[in-house]
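Q: model the structure of this input:
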Amino acid sequence: AYCTRCKSCKNCSKVSVSFYDLDLTVQGLSRLEECLDDFFKTEELSGENKYQCEKCADKVEASRGIELQELPRFLNLQLLRFVFDIKSGNRKKVHNFITFPKTLDLAKHWPDKG
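A: Next up is the predicted model:
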C-alpha cells in the first residue's frame, strides 16, 4: 500500500495496491537488501509540496512511502540495469554486481509483521 503519514496527527492515508513486481534500482548499490531499502525509502513532503491532511484539514508536512500488506505467492524482482545518460542522450547499462542473500527477509518493510 502507498502510505502518506501526517507528521502532525500521525494519521496514515493508505491506497491499497497489489504488488507482484518490484522495480529495483541497482545503480551505485551492491546488495539486494540495499536495492530493497532504496525501493521502500520514504519521501518527505514539505514546503510547497505539503500534504493536505484530511484529519488536520490543513496542508502539513508528511512522509510518503510503500508498505507491504501481504506478499504474492511469487514476487518478481526486476533489476533496473539501464539508466538514461543526460550527457549522451542515450541509455547506458549499469554493470555493477549485486549480491543476493540465501534467504530474503522483508519484515522491516512490512509494518504489521516486522
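Q: please save the CA atoms from the host helix or strand of residue 84 in CSV.
A: If you go by DSSP states H and E, residue 84 is part of strand 82-85. These are the backbone C-alpha positions of strand 82-85, laid out as CSV (Å, rounded to 0.1, in the frame of the first residue of the first chain):
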residue,chain,number,x,y,z
PHE,A,82,19.6,0.6,-17.7
VAL,A,83,19.7,4.3,-16.9
PHE,A,84,19.4,7.4,-19.0
ASP,A,85,22.6,9.3,-19.5
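Q: helices or strands next to it in the packing?
A: strand 90-93 (3 or more Cβ pairs under 8 Å, 6 or more residues apart in numbering; DSSP states H and E). Yep, even glycine has a C-beta here, placed from its N, CA and C like the rest.
Q: okay, now the sheet partners of the strand it packs on, with direction.
A: strand 82-85 (antiparallel) (DSSP bridges).
Q: need the residues that contact the strand it pairs with.
A: 27, 90-94 (Cβ atoms under 8 Å, 6 or more residues apart in numbering).
Q: could you redo the last one with a cut-off of 10 Å?
A: With contact meaning Cβ atoms under 10 Å, 6 or more residues apart in numbering, strand 82-85 is reached by 25-28, 90-94.
Q: how far is stretch 70-77 from where the chain is centred?
A: 15 Å (Cα atoms, centre = their mean, to the nearest Å).
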